[in-house]
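1. I'll drop the sequence and a predicted model, then ask my questions.
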Amino acid sequence: MLEDRLLVQRFNAGDTQALRRIYEKYKDDLFAVAGALLGDATVVEDVVHDVVVAFASQAGRFELKGSLKGYLAICVANRARNVGRRNRPRDWHEELKPGPQPDTAQLLLDAELHQMVRSALAHLPAEQHDAIILHVIGSLRFREIARQTGESVNTVKSRYRYGIARLRSQLNGQVER
């Protein structure tokens with residue numbers, strides 16, 4: 001957190017290395033969040049790029065009010081949601097079906113399980129879906145999600161809990177732990 005505050009100060013002072021460090025530090029998390037929401041690698045890259053460019057345009061006037069990772073993850077989730085709405089007619093789940101894996105049967109089972117979970121996630125209400133993705137994939141705490149979205153912590157926790165319950169119901173007996 002202290003490193004992020006220092007990076008933001010340097011970023012606001014016009015230090016391009018600070019922006020590069022911020023990107024390098026959080027790019028994997030941002031790609032994971034966008035990937036979980038969209039699934040299409042090309043669109044995921046575009047979303048993360050758009051968010052980084054928009055963030056860069058705030059140099060000199062950006063105020064960090066929470067965690068930098070949380071802020072950027074919420075920006076990616078919002079941008080991904082907007083892009084997803086535009087591309088809604090396409091069924092991206094079908095594009096993600098894994099091809100035959102030559103290695104082992106376990107790879108095929110893992111891919112099938114992954115697809116079942118992605119499909120079940122896609123059928124959740126957007127608020128529940130996003131709470132799960134941001135908490136599990138984005139590794140954000142409920143408090144940070146609440147701060148960044150303007151919702152109460154209890155609302156975020158409830159959305160997460162209800163989403164998990166719906167996933168369990170949808171995947172009843174299909175997924176072994």
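-> Structure received.

2. Going by C-alpha atoms from here, please, whenever you check contacts or count neighbours.
-> OK.

3. How about the contacts made by the residue positioned nearest the centre of the chain?
-> The chain has V33 as the residue nearest its centroid, 1.9 Å off, counting by C-alpha atoms, centre = their mean. Applying C-alpha atoms under 8 Å, 6 or more residues apart in numbering to V33 gives the contacts A73, V76, A77, I133, L134, I137, G138.

4. can you do 6 Å?
-> V33 makes contacts with I137, G138, as judged by C-alpha atoms under 6 Å, 6 or more residues apart in numbering.

5. my read: S152 touches R143, true?
-> No: S152 is beyond contact range of R143, at 8.2 Å (criterion: C-alpha atoms under 6 Å).

6. Those two: which is more packed in?
-> R143 (17 against 14; other C-alpha atoms under 10 Å).

7. Which residue is the nearest non-sequential neighbour of the more buried one?
-> Among residues not flanking R143 along the chain, V153 sits closest, at 5.5 Å (C-alpha to C-alpha, 6 or more residues apart in numbering).

8. number of nearby residues for that neighbour?
-> 17.

9. Ok, the one 4 residues further on next?
-> Residues near K157, counting by other C-alpha under 10 Å, number 20.

10. So, low pLDDT: which residues of the protein?
-> 85-111, 173-177 (pLDDT under 70).

11. longest single helix anywhere in it?
-> Across the chain, the longest stretch assigned as helix under DSSP state H is helix 16-38.

12. contact partners of the helix or strand following it?
-> Following helix 16-38 in sequence order, the next helix or strand is helix 41-56 (DSSP states H and E). Contacts to helix 41-56, defined as C-alpha under 6 Å, 6+ apart, come from residues A34, G35.

13. when you compare where the next helix-or-strand element following helix 41-56 runs with where helix 41-56 runs, what's the angle?
-> Downstream of helix 41-56, the first helix or strand assigned by DSSP H and E is helix 68-86. For helix 68-86 against helix 41-56, the angle by axes from the mean of the first three to the mean of the last three C-alpha atoms, to 10 degrees is 130 degrees.

14. Could you pull out the buried residues of helix 68-86?
-> By neighbour count with 16 or more other C-alpha atoms under 10 Å, helix 68-86 contains the buried residues 68-81, 83-84.

15. One more: stretch 147-167?
-> Of the residues in stretch 147-167, those buried (16+ other C-alpha under 10 Å) are 147-149, 153, 156-157, 159-160, 162-164, 166-167.

16. Which of the residues you listed fall within helices?
-> 147-149, 153, 156-157, 159-160, 162-164, 166-167.
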